[in-house]
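**Student:** Let me see the structure of the following:
(chains A, B, C and D)
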Number of protein chains: 2
Amino acid sequence: MELAPRRRTARLADVAGIAGVHPSTVSRVLNGDPSVAVRPETSRRIREAARQAGYRPNSVARALRGSRTGSLGMVVPLLRNPIWVRLQAGALHRAQERGYVVMIIEEALDAPHPAIDYRYLVDESRVDGLMLANALRGQRPEVADPGVAHVFFNRRGGRGGNNVVMDEGGAVKLMVEHAVEFGHRSIALLDGPRAVDTVARRVGAARALCARHGIHLQVIHSGATEAEGYAAGVTLARRNRRPTLCAVGSINQLFGLYAALRDAKVDVPGDMSVVSFDEDECLAYLDVAVTSVSMPLDELGAASVDALLERINGEQSRDVVVRNPMTLVRRDSVARARSAT
Amino acid sequence: MELAPRRRTARLADVAGIAGVHPSTVSRVLNGDPSVAVRPETSRRIREAARQAGYRPNSVARALRGSRTGSLGMVVPLLRNPIWVRLQAGALHRAQERGYVVMIIEEALDAPHPAIDYRYLVDESRVDGLMLANALRGQRPEVADPGVAHVFFNRRGGRGGNNVVMDEGGAVKLMVEHAVEFGHRSIALLDGPRAVDTVARRVGAARALCARHGIHLQVIHSGATEAEGYAAGVTLARRNRRPTLCAVGSINQLFGLYAALRDAKVDVPGDMSVVSFDEDECLAYLDVAVTSVSMPLDELGAASVDALLERINGEQSRDVVVRNPMTLVRRDSVARARSAT
DNA sequence: GTCCTTTAGGCAAAGGTTTGCGTAACGCTC
DNA sequence: GAGCGTTACGCAAACCTTTGCCTAAAGGAC
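**Tutor:** Predicted coordinates for the structure are as follows:
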C-alpha cells in the first residue's frame, strides 16, 4: 500500500488538504478544542482524513509551540539496587497514563559531589521537570530553583516543599514492634551511609522507638553492597554482647550479612533474627526465608510523577508522604529472642 | 544575581543582542560551523556573551529544524529481571557519550501480542530510533519498517540485519565444557519460554554441543520467575534418573531452583551441580555460591546504541554479535559428577 | 586605479503546531 | 428586509534554530 519510499509522515497541512479545510481547524478538532464550532460532518471528515493519512502530531513542533515537551527527567543514583528499578517502573507507568514519557539518568558511579546540575535538561527544554533522587544531606548547595520544576523523591532535598518520600518511620515501627513481639531487647540496624536521607530517617525513627520501648539499639552504617554488608556482618557476629535481631536497609547488604552470619556459624533465626527493609520476591527463596517490610515503591514512583506534574502546572508546593500499603511480610528469619541479653 | 522572576531562559537572539551580531552568526560560532569565517575577537565576544547570558540551546527548536530529536527509545519486556537493568545502564552511558538521551519503555505485563507498535514514537518525532527487546519468535507480524530506524537487541526480530545479540552459543560452550571437565554426562537446561529468541539460541547451542560431547540433555522451559523456577526444580528433583548438573537461564529461576533442591534434600553441588547464565554479585553470597557465566551486558547495551546510530545515519544494516569479555565465574556450585548415570 | 578574490557576517526561509482574532455566511427577530 | 447574534471556519503570528545564499568591505594583483 505504501510502497513509495516512505514519504515523510503526514503533517497537519496534509490532513487539511485531504479534508478540504484549514490546518488550524484540523488542529482544533483533533485536540478537541471546546472553543471551536464545527459541523459534525466536517469533524467526521477531518478525523477520517487524519486516519487515512496516518497522521501523527509532531511532538517536537507541538513542544516548540507550547513550550511543553511532554517528558520528565528522573535522576537515580545507581540502577543496580532493585529499589530504583521499582521506583522507575512505577514512575514510568504513571507517566504513561498521564501522557508523558520519562528519561532516566543514572548518575555515574564516580560522579563528583556536589553532583552535576541537571537543571540544564530543563533549560534546554529536554524535559519539563526533574525527579531527583541524588540528593545527599548537606552536600548539595541548595540548587532548589523555583524556575525549574522539580521534586526530590525517596530522598529529601532542598529546603522542603518538594519532597516525595515514603513513611520510613512507619516501616521502622513495624519492624520494632515485630521485634518487641518476639521478645528482642537488643537490636542492630545495618543501613547505608548516614549522608543518605532515607537512612537518616530510618535511624532517627529507630532511635526514638527503641528508646520508648527500652530496647538497646546499635546502628551500623556501610555501603549498600554485598561486600560491605558482609564486612558489617562479620563485625556483628564477633560482638560478645551480640544483638538478637538485625534489621537491614538494602537487599545487597542483606545478602552480605546472611553470608557473614552463615560463615560465622551464627544461626538465623536461632542466634540472630533478621528483617529486611527491601522486599523482593527472591527473599522467600533464600535458605532461611527473610522477613521483610514491604514498601510502596511503585506508588512512590507514581506519586513522584503526580507531584512533579503539579509543580509543572504551577500548583502549590507541598511535601508528600506516600503511606499506601506498607506491610510486614512474615517469613522465617525472625524467632523469639533466645537469651535476652 | 538573578533575583528577577527567572526571565525565560536566554535565546540565540538574546546572545546576539549582547554580542552585537546576528543570531545566525552566534549559531555558527557556537556550533563550530567550519564554513563560517569570523574574527577571533568576534568569536570570543560571542562566547563570552553566551556564557554571561547562561545560554542553553533549545533542543526542541533544534530538533524541529534539524528533524533530529537526539533521543532514542528503548523497549524492554520487564524491568524486574536484572539483565534488562544492566542492558539499560550500558545503553544509557553510551548514549550519553554520544550526545543522546534514552527513553525507556517497559512493555506492560499484560501487553497484548503482537505487541503494540512503538513506531509511533518515531512517527511523532519523540525519538530518532528504537531499540527493541520485546520481539517474540514468530509472534510478530514483521513490523520491520525500513523507514523507522530500529534494532532488535538481545532478542532477534524481523528479517535479520538489525539484530544486536550476545554470543549465547559461546556462553553455552563455556558451560558445557565446564560440565565435561567435571565429568557430567547428563545435564538439564532450565530456561525461559521457547518463544524467546535468546532462550531458543541457548537451547539450540546446547543440543548441538551436548550431542557432540555425547551428553544427555534435558530442556525445561518455564517462566522467568522464582515460583516457576521452584516448580521446575521440584520436578527435576523427583526424576529417578536425575541430571547431575542443571544450567539456569535467569537469576529468578535460579532462586526458585535452589530453594526446590534444598527442600527436596538434593545437595548442591554434591547431588546436583548448578550453573547460572545470569551473573550477579549476589550469587557469590548464596549458601552455596553459584558458578555462573558472565555475559557482556553493558557492552550489549552500548553496542545497541552504536548500531542504532548507524541506522539513523543511514549506514548499511548488519547483524552484530557482541563477543567481548564472556567468562566462567567459578564458584562452589559445580562439583565432580558423583554417579555418572 | 580597477578588477577579482577573500573575509566577515547578515537575511530570510523553513520546520509543524497552536491560538487569538477576524470574517464570511446563515438564521432569526421584528 | 435590515439588523444582530451565532455558527463555522480561515489567517497569520509565534515558538527558536539552522543554513543556503547574499552582500559589503577589505586585501591583493596587475
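**Student:** so A:H93 makes contact with A:E299?
**Tutor:** No: A:H93 lies out of contact with A:E299 (CB atoms under 8 Å); the separation is 10.9 Å. All C-beta spots, glycine's among them, are computed from the backbone N, C-alpha and C.
**Student:** can you pull the contacts of A:S59?
**Tutor:** The contact partners of A:S59, taken as CB atoms under 8 Å, 6 or more residues apart in numbering or on different chains, are A:69-70, B:124-126.
**Student:** If we use 7 Å, what do you get?
**Tutor:** Neighbour list for A:S59: A:70, B:124-126 [criterion: CB atoms under 7 Å, 6 or more residues apart in numbering or on different chains].
**Student:** Show me the two of those residues that sit farthest apart.
**Tutor:** A:G70 and B:S125 (11.4 Å; CB to CB).
**Student:** neighbour-wise, which of these two wins?
**Tutor:** Neighbours of A:G70 and B:S125, each counted by other CB atoms under 10 Å in any protein chain shown, are more numerous for B:S125; the result is 22 against 17.
**Student:** Secondary structure class of A:R155, three-state.
**Tutor:** What DSSP: H, G, I helix; E, B strand; the rest coil gives for A:R155 is coil.
**Student:** wait, doesn't it sit right on A:N162?
**Tutor:** No: here A:R155 lies out of contact with A:N162, judged by CB atoms under 7 Å, at a distance of 11.6 Å.
**Student:** element containing the most centrally placed residue in chain A, please.
**Tutor:** Nearest to the mean C-alpha position of chain A, counting by CA atoms, centre = their mean, stands A:L87 at 3.1 Å. If you go by DSSP states H and E, A:L87 is part of helix A:82-97.
**Student:** now that helix against helix B:82-97, angle please.
**Tutor:** 70 degrees (axes from the mean of the first three to the mean of the last three CA atoms, to 10 degrees).
**Student:** Using the three-state scheme, assign A:V219.
**Tutor:** Per three-state DSSP, A:V219 ends up strand.
**Student:** contacting residues around it?
**Tutor:** A:189, A:203.
**Student:** Quickly list what it is bridged to.
**Tutor:** A:V219 has these beta-bridge partners by DSSP bridges: A:L189.
**Student:** Just the contacts of A:S59: which are in strands?
**Tutor:** Per DSSP state E, strands hold no members of those.
**Student:** quick check, nearest of these to A:M131?
**Tutor:** Using CB to CB, the contacts of A:S59 come closest to A:M131 at A:G70, 15.0 Å.
**Student:** Leaving out sequence neighbours, find the closest residue to that closest one.
**Tutor:** A:Y100 (5.6 Å; CB to CB, 6 or more residues apart in numbering or on different chains).
**Student:** Equivalent analysis for A:A289, please.
**Tutor:** A:R331 (3.8 Å).
**Student:** Check A:V275 too.
**Tutor:** A:A247 (4.6 Å).
**Student:** Checking that neighbour next. Helix, strand or coil?
**Tutor:** When the rule is three-state DSSP, A:A247 gets the label strand.
**Student:** what's the distance between it and A:D332?
**Tutor:** According to CB to CB, to the nearest Å, A:A247 stands 16 Å off from A:D332.
**Student:** Where does pLDDT dip in the stretch 1-150 of chain A?
**Tutor:** A:1-8, A:108-115, A:137-146 (pLDDT under 70).
**Student:** all strands of the stretch 201-341 of chain A, in order?
**Tutor:** A:216-221, A:245-248, A:273-276, A:291-294, A:320-322, A:327-329 (DSSP state E, counting those that start in this stretch).
**Student:** A:E177 - how many residues pack around it?
**Tutor:** 13.
**Student:** actually A:Y120, sorry about that
**Tutor:** A:Y120: 12 neighbours (other CB under 10 Å).
**Student:** I'd say it and B:P57 touch.
**Tutor:** No: look at A:Y120 against B:P57 with CB under 7 Å: they stay out of range, at 10.4 Å.
**Student:** who in the stretch 51-200 of chain A is up against chain B?
**Tutor:** Listed as neighbours of chain B in the stretch 51-200 of chain A under the rule CB under 7 Å from any CB of the partner chain: A:56-61, A:63-64, A:69, A:79, A:85, A:88-89, A:92, A:101-104, A:106, A:120, A:123-126, A:146-147.
**Student:** Report the secondary structure state of A:P34.
**Tutor:** Assignment for A:P34 (three-state DSSP): coil.
**Student:** A:L130 too?
**Tutor:** Assignment for A:L130 (three-state DSSP): strand.
**Student:** is it in a bridge, and if so with what?
**Tutor:** A:G73, A:H150.
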